[in-house]
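Chemist: Okay, here's the prediction I keep looking at, along with the sequence it came from:
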2 protein chains.
Amino acid sequence: MGYFDGASAAPLHPVARQALVAALDEGWADPGRLYREGRRARMLLDAARETAAEAVGCRPDELVFTASGTRAAHTGIAGALAGRRRAGRHLIVSAVEHSSVLHAADVHERDGGTVTRAGVDRTGTVDPSAYAAALRPDTALACLQSANHEVGTVQPVAAVAEACRAAGVPLLVDAAQSLAWGPVEGGWSLLTGSAHKWGGPPGVGLLVVRKGVRFAAQGPTDERESGRAAGFEDIPAIVAAAASLRAVRAEAAQEAVRLRELTERIRTRVSRAVPDTEVVGDPDRRLPGIVTFSCLYVDGETLLHALDAEGFSVSSGSSCTSSTLTPSHVLRAMGVLSEGNVRVSLPPGTAEADVERFLSVLPGVVARVREKLGAPAPVTVPARSGALVVDARGKRCPIPVIELAKVIGEVPVGGEVRVLADDEAARLDIPAWCEMRGQEYVGEEAADHGSAYVVRRVA
Amino acid sequence: MGYFDGASAAPLHPVARQALVAALDEGWADPGRLYREGRRARMLLDAARETAAEAVGCRPDELVFTASGTRAAHTGIAGALAGRRRAGRHLIVSAVEHSSVLHAADVHERDGGTVTRAGVDRTGTVDPSAYAAALRPDTALACLQSANHEVGTVQPVAAVAEACRAAGVPLLVDAAQSLAWGPVEGGWSLLTGSAHKWGGPPGVGLLVVRKGVRFAAQGPTDERESGRAAGFEDIPAIVAAAASLRAVRAEAAQEAVRLRELTERIRTRVSRAVPDTEVVGDPDRRLPGIVTFSCLYVDGETLLHALDAEGFSVSSGSSCTSSTLTPSHVLRAMGVLSEGNVRVSLPPGTAEADVERFLSVLPGVVARVREKLGAPAPVTVPARSGALVVDARGKRCPIPVIELAKVIGEVPVGGEVRVLADDEAARLDIPAWCEMRGQEYVGEEAADHGSAYVVRRVA
């Protein structure tokens, strides 16, 4: 009823389910064999490849099926880097790529390659000219997502592709979040996708390598999928993936309008109905179904549990829901508030009534979480300079920001307060709080067991 | 009706189908999420892991699911080699491993590692003491299949594991062909499997790494499957894999007896009913459902097509069915006849009537193929020594052997004939023919555009 995490995994599209069940009986044999069961499997596989290629906008022999979108990214990046080894070992990625791309970049760096991580602005958008400036004579590969998975911001792929083409560098586009809505425009060279993001089954990724792009598959390979994806093909899932991609595309234009209107409602009304909330991501250049916001003075995990209890399934980029205790790399690269972060990603078919109910319960849920976090008395000690110091070390997000908010009133206008904190999220959230509150963030100083974040009262 | 290629892929077990369809509705969400759909997916995944671990005979936290058996082998070998990097870079595999293991060994060699490929006898069996003799102080890993996929021979895993343990070297067992029949005995360290070999769906492999075994996953990883199998889990397929493994195990004891009797019939009656045929593999230490034989003077592809037309789906290790024009590496390592090779692998549930029908049509099919290959007049020219020379260059398997068979009558007892051939299969098939015919194979000599195979007439 309130599954709002389509950007993680979309529920299986009815067409996917139907195709998968049908293909279980016809597509289980080895498509490399010459007997009837093998020929049937091969026909299904070939037909699925045609369908997927048409949806992507490529030739069937440019597209292989992998075991997941992650695997497509890993294989695509490693193969393109190896294919361009002679050009050099420099890789460009945006700072807000999916973790599969960033993990592949990390491995490349550990192996002696160099990586430039192109920054984004506060909306999460890559600047094409800044990205182009990162291109070097030894750049082997550039990677850019078609749209961001956490905040929905659509990237300027065509402009970046143009710059890459001019420099003779192949561009790999991770299109996992956008393939449901349409083909990726521009002159990209490689493309990856993931079926379970568009309502297909798990277990299927796409890797497209344009003809003429140098590519050398790494690691052990076999004769399957043009030597680019070793291991027995999961044909029932592949058939379901292709059929559902065609089905969601047929519904895309109409559904995009509907979901865009629903997310616009959330964008507008969350800001209005929930105090101290920042909606993040680009307000216009964005995917239809994703809207992300952060709530001051709220911890992500408690908020998610409270929403789950109300029947809503959402995700969060807050540090307080992650086992690593660091906020999402996307929010960090954008420099926006991470505490109390909520990503709402509406799968196609989401009912308007569910969105309305979400909007009606959210303010109360946030208020209750804030109340529950209580009002821990801030420990204030006079600093040598006479300025205020708040010691929030050992306290996790969102407590440091809550304590800052509580003492700011005691600071004379023009005066400073130092917040001592050792929670990684403070580095992001204290500047973001200043931006939201119209206070001045002066900077960070080293401190015993953590950092001191200096804030000057302006208003 | 006559699908006899279960060793490639078994048709979906009814339990697998049922479990998969049920799990499509419950297991599509991200098991890493905290909301209800994620928790349900996590529960299904955990339960499947428990079931699979019980069938394998390991702890659930030692077992991860991969995207295929091939992927399990690639990941397992690379991770175990890296984990034992300090010990050295020597790898042992048997010469009859599945191609996924051999491909991983090739990559290791290209990367500067060393590989010993332990030989087998004419039944395809590894000699444990010869295998043990290959262990060196710098051996990082040893690999041995539990049973061979082409001829069904069961390997002495427990004895080899004991030797490895004594040497402090981990043993990785590829159990793809045997997991349906029971757990692998002996003190192995790593184990791989593939669900579609036991009647589970494609898209699921198993990788087991015993606690205490040094392992360092290579390439990009993520937080899924203990950092050993990156990418979104295919939970419906995993659930189906585990459920079907339990189901086939419950039927295994009874079905093994039945299939063993059916393959014994084939072993006995093929030799009797089809002249010039060699049944290969160990007659006793073998899997219940696999029997492999080779027919002189027959080309594999024509035979497979003829059997397909009669409704039988089998595979072949003959060079004449493969795009590489080389015979199967398994038959080569065994040193047995490869021409006219047929592997019959009966999936569980195979009807006795289908086997009987196969046995009734096979002699006629082979006879027709032999007739169709005709009697190409052998080109015989007197050699300088006065001995006979048959020029079969430019002719593919089984023509060189057919021409040899035709001229042998012209050779005086004690005299020699030289067969000039440039088909790779001749190197295997001419000695095999001599063995079957009681003639003496003298050896191979270099010749213009190919080799000369020297045969002395004994009988």
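Modeler: Cool, got the structure.

Chemist: On the three-state scheme, the residue nearest to A:P137 when sequence neighbours are not counted is what?
Modeler: Among residues not flanking A:P137 along the chain, A:G88 sits closest, at 6.9 Å (CB to CB, 6 or more residues apart in numbering or on different chains). Heads up, the C-betas are built off the backbone N, CA and C, glycines and all. What DSSP: H, G, I helix; E, B strand; the rest coil gives for A:G88 is coil.

Chemist: Check the one 4 residues further on too.
Modeler: In terms of secondary structure, A:I92 is strand; the call rests on three-state DSSP.

Chemist: follow-up on the earlier one: any chance of the backbone angles for the residue nearest to A:P137?
Modeler: phi 150, psi -170 (degrees, to the nearest 10).

Chemist: Tell me how far stretch A:38-58 lies from the chain's centre.
Modeler: 28 Å (CA atoms, centre = their mean, to the nearest Å).

Chemist: Stretch A:255-264 too?
Modeler: On the basis of CA atoms, centre = their mean, stretch A:255-264 sits 19 Å off its chain's mean C-alpha point.

Chemist: Could I get the buried residue list for that stretch?
Modeler: A:E255, A:A256, A:R258, A:L259, A:R260, A:L262, A:T263 (16 or more other CB atoms under 10 Å in any protein chain shown).

Chemist: ok, residues contacting that stretch?
Modeler: A:152, A:181, A:248, A:286, A:288-291, A:344, A:346, A:348-350, A:352, A:355 (CB atoms under 8 Å, 6 or more residues apart in numbering or on different chains).

Chemist: that older thread, correct me if wrong: the residue nearest to A:P137 contacts A:L141.
Modeler: No - in this structure, A:G88 is not within contact of A:L141 by CB atoms under 8 Å, at 9.9 Å.

Chemist: what about stretch A:23-42, start to end distance?
Modeler: 12 Å (CA to CA, to the nearest Å).

Chemist: can you tell me the average pLDDT over that stretch?
Modeler: If you average the pLDDT over stretch A:23-42, you get 93.

Chemist: Distance of A:A405 relative to chain B?
Modeler: Remark: distance between A:A405 and chain B (CB to the nearest CB, to the nearest Å) = 27 Å.

Chemist: What sits closest to A:E424 if chain neighbours are left out?
Modeler: The shortest distance from A:E424 to any non-neighbouring residue, by CB to CB, 6+ apart, is to A:T326 (4.7 Å).

Chemist: in the stretch 51-200 of chain A, which spans are strands?
Modeler: Taking DSSP state E, counting those that start in this stretch as the test, the strands found in the stretch 51-200 of chain A are A:63-66, A:90-94, A:114-118, A:139-145, A:171-174, A:190-194.

Chemist: Now do the contacts for the residue nearest to A:P137.
Modeler: So A:G88 contacts A:R136, A:P137, A:D138, A:T139, A:A140 (CB under 8 Å, 6+ apart).

Chemist: Of the residues you listed, which is the most crowded?
Modeler: A:A140 (25 neighbours; other CB atoms under 10 Å in any protein chain shown).

Chemist: Do you have the helices of the stretch 301-450 of chain A handy? List them.
Modeler: Here the stretch 301-450 of chain A has its helices, by DSSP state H, counting those that start in this stretch, at A:329-334, A:352-373, A:399-407, A:426-437.

Chemist: Tell me which of the ones you listed sits nearest to A:W28.
Modeler: Checking the helices of the stretch 301-450 of chain A against A:W28 by CB to CB gives helix A:352-373 as the closest, at 37.7 Å.

Chemist: And for A:V411, the neighbour number?
Modeler: Around A:V411 there are 17 residues (other CB under 10 Å).

Chemist: Contact partners for it?
Modeler: Per CB under 8 Å, 6+ apart, neighbours of A:V411: A:A387, A:L388, A:V417, A:R457.

Chemist: And for A:R86?
Modeler: A:R86 neighbours (CB under 8 Å, 6+ apart): none.

Chemist: quick one: the residue minimising distance to the centre of chain A and A:D174, what's the gap?
Modeler: Nearest to the mean C-alpha position of chain A, counting by CA atoms, centre = their mean, stands A:H149 at 2.7 Å. Distance from A:H149 to A:D174, counting by CB to CB, to the nearest Å: 9 Å.

Chemist: bridging residues for the closest residue to A:E109 other than its chain neighbours?
Modeler: Nearest non-adjacent residue to A:E109, counting by CB to CB, 6+ apart: A:V115, 5.0 Å away. Taking DSSP bridges as the rule, A:V115 bridges to A:L91.

Chemist: what's around A:V115, how many residues?
Modeler: So A:V115, with other CB under 10 Å, has 16 neighbours.

Chemist: do you know how far it is from chain B?
Modeler: Distance from A:V115 to chain B, by CB to the nearest CB: 13 Å.

Chemist: can you pull the contacts of that residue?
Modeler: With CB under 8 Å, 6+ apart, A:V115 has these contacts: A:H90, A:L91, A:I92, A:V93, A:A105, A:D106, A:H108, A:E109.

Chemist: Thanks a lot, see you next time.
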